[in-house]
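Visitor: this one's sequence-less:
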């Protein structure tokens, strides 16, 4: 193994689920304090990401055999919900870190796990370079790993590389080229390459201009003949040749982030209602006593609480399937996560809209920047379409048809 980026000084070692949840709650509150201003000015959260690295939360998925606590899905989901409640942009930044930690667990060698998990324990952040633009299907990577003297050369261009600007390691999904120049297809084997952020030939461009999640730095990564040691390349395609929870775990964390937006927006709506002027026809002293507003609050609370409950149900299904990884258990977990994701999307969009009804006209000012809840929700919920999740849920419900194996289920 080669050397890695320097560890984050003063990184906490989390030793229990209770400690993890307490740390996440503290960070959620701290991140929330500056979230409106960061979003309004698109101020990238460099210091907040350093806090996240030092917090020890990035090590939660590290297996016990490599010094971690191998936190269960129920803990990971609540950690992401708490972070999303405080600042959805910040919560999105470590998503790929947790996802590729699972890829490492499933396909990495012992030496690879010891090396990369060791640096994660020391506070290293992993980010992604997966998505590509163009007419080719989403499961085709034109970015290629080309054999070169026992190592690989990696060239290509990736978009929506969330968190890459803050990362110590950037994980690049690529086609495994044989040197013949053959155009990659959906059947071309894929691998993920762990590339140091400062590797020669790697460039991260901060060109993300989304209307929401404005401070995730989800920009472009370009790679020009980046040399990658063979020891830093982990197979990716085999993950989907057998029952695993790779996709379900990734989607669970996306759902948790959406539920976090929903709970955050509802809490903000309640605060705004406390300052709102009651409608004159209600003949009440404060807006919170207006029966029509009470009805609105009750309706949105049911939606948000239901999504939160389904998130917990899905996390328990993932943990159950992890303990007994069969075809049926993993399929059931994937469907449970899909159900939670659909509910979370609906809750985040509803709560982030209803908060203005609770707060009235004064809540719509640019200065308050409460529109960021809806912008974050609408942007993040475009990540993968829930209409296809409903298709898989319906087929599983009616005929027991198991969902396909890929990273979005």
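Guide: Perfect, I can see it now. Quick caveat: nothing in here was measured; it's all calculated off a predicted structure.
Visitor: With adjacent residues omitted, what lies nearest to residue 25?
Guide: residue 82 (5.6 Å; CB to CB, 6 or more residues apart in numbering). Yep, even glycine has a C-beta here, placed from its N, CA and C like the rest.
Visitor: Now do the same for the helix or strand where that neighbour lies: mean pLDDT, whole number.
Guide: Residue 82 is part of helix 73-86 when elements are defined by DSSP states H and E. For helix 73-86, the per-residue pLDDT values average out at 98.
Visitor: could you point out which element follows it?
Guide: Sequence-wise, the next helix or strand downstream of helix 73-86 (DSSP H and E) is helix 88-92.
Visitor: And the closest residue to residue 176 other than its chain neighbours, how close does it get to residue 158?
Guide: Setting aside the residues directly before and after it, residue 176 is nearest to residue 189 in space (CB to CB, 6+ apart), at 4.5 Å. Applying CB to CB, to the nearest Å, the value for residue 189 to residue 158 is 18 Å.
Visitor: What is the helix holding residue 82 packed up against?
Guide: helix 17-41, helix 88-92, helix 246-275, helix 291-323 (3 or more CB pairs under 8 Å, 6 or more residues apart in numbering; DSSP states H and E).
Visitor: Low-confidence stretches in the stretch 201-350 of the chain?
Guide: Filtered on pLDDT under 70, the stretch 201-350 of the chain yields no residues whatsoever.
Visitor: Show me what counts as buried in stretch 193-203.
Guide: 193, 194, 195, 196, 197, 199, 202 (16 or more other CB atoms under 10 Å).
Visitor: Which ones among the residues you listed lie within strands?
Guide: Of these, the ones assigned to strands by DSSP state E are 193, 194, 195, 196, 202.
Visitor: if we can go back for a sec, and for the residue nearest to residue 176, the neighbour number?
Guide: 14 (other CB atoms under 10 Å).
Visitor: Could I get the contacting residues of it?
Guide: Listed by CB atoms under 8 Å, 6 or more residues apart in numbering, the contact set of residue 189 reads 175, 176, 235, 237.
Visitor: Just the ones of those in strands?
Guide: Of the contacts of residue 189, the ones assigned to strands by DSSP E are 175, 176, 235.
Visitor: Please tell me which one of those counts the most neighbours.
Guide: Neighbour max across those (other CB under 10 Å) = residue 175, 23 neighbours.
Visitor: Who does that residue form a beta bridge with?
Guide: Note on residue 175: beta-bridge partners by DSSP bridges are residue 144, residue 190.
Visitor: Please identify which of the contacts of residue 189 is nearest to residue 129.
Guide: When those are compared for distance to residue 129 (CB to CB), residue 175 wins out at 13.5 Å.
Visitor: pretty sure the closest one contacts residue 141?
Guide: Yes: counting by CB atoms under 8 Å, residue 175 does reach residue 141; the two are 4.6 Å apart.
Visitor: so how far is stretch 192-202 from its chain's centroid?
Guide: Relative to its parent chain, stretch 192-202 has a centroid offset of 21 Å by CA atoms, centre = their mean, to the nearest Å.
Visitor: tell me the contacts of the residue lying closest to residue 63 once chain neighbours are set aside?
Guide: In space, residue 63 comes closest to residue 70 once its chain neighbours are excluded; the distance is 4.8 Å by CB to CB, 6+ apart. Shown in contact with residue 70 (CB under 8 Å, 6+ apart): 61, 62, 63, 64.
Visitor: Report how many residues lie close to the last one.
Guide: Here the neighbour count serves as a burial measure; for residue 64 (other CB under 10 Å) it reads 8.
Visitor: With adjacent residues omitted, what lies nearest to it?
Guide: Distance criterion CB to CB, 6+ apart; nearest residue to residue 64, sequence neighbours excluded, is residue 70 at 5.1 Å.
Visitor: next one: the second one
Guide: The shortest distance from residue 62 to any non-neighbouring residue, by CB to CB, 6+ apart, is to residue 68 (2.6 Å).
Visitor: how about the one you found, secondary structure?
Guide: Three-state assignment for residue 68 (DSSP: H, G, I helix; E, B strand; the rest coil): coil.
Visitor: gap between it and residue 106?
Guide: For residue 68, the distance to residue 106 - CB to CB - is 15 Å.
Visitor: Counting neighbours, go ahead and name the busier of these two.
Guide: Each of residue 68 and residue 106 has its neighbours counted (other CB under 10 Å); residue 68 has more, 20 against 16.
Visitor: mind listing what's buried in stretch 206-217?
Guide: 208, 210, 212, 213, 214, 215, 216, 217.
Visitor: which outside residues touch that stretch?
Guide: Residues outside stretch 206-217 that contact it (CB under 8 Å, 6+ apart) are 38-39, 42-45, 88-90, 92-93, 160, 162-166, 218-220, 372, 374-380.
Visitor: Check the residues you listed for burial and list the buried ones.
Guide: Buried among the contacts of stretch 206-217 (16+ other CB under 10 Å): 38-39, 44-45, 88-90, 92-93, 160, 162-166, 218-220, 372, 374-380.
Visitor: Nearest to residue 19 among the contacts of residue 189?
Guide: The nearest one, if we look at the contacts of residue 189 relative to residue 19 and count by CB to CB, is residue 235, at 33.6 Å.
Visitor: circling back to that earlier point, what is in contact with residue 175 and residue 141 at once?
Guide: Shared contacts of residue 175 and residue 141 (CB under 8 Å, 6+ apart): 184, 188, 190.
Visitor: which one of those has the most neighbours?
Guide: Tallying neighbours with other CB under 10 Å puts residue 190 at the head of the shared contacts of residue 175 and residue 141, with 22 neighbours.
Visitor: In CSV, list the helices and strands packed on helix 73-86 along with distance to residue 134.
Guide: Formatted as CSV, these follow (distance: least, CB to CB, whole Å):
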stretch, distance to residue 134
helix 17-41, 30
helix 88-92, 24
helix 246-275, 23
helix 291-323, 33
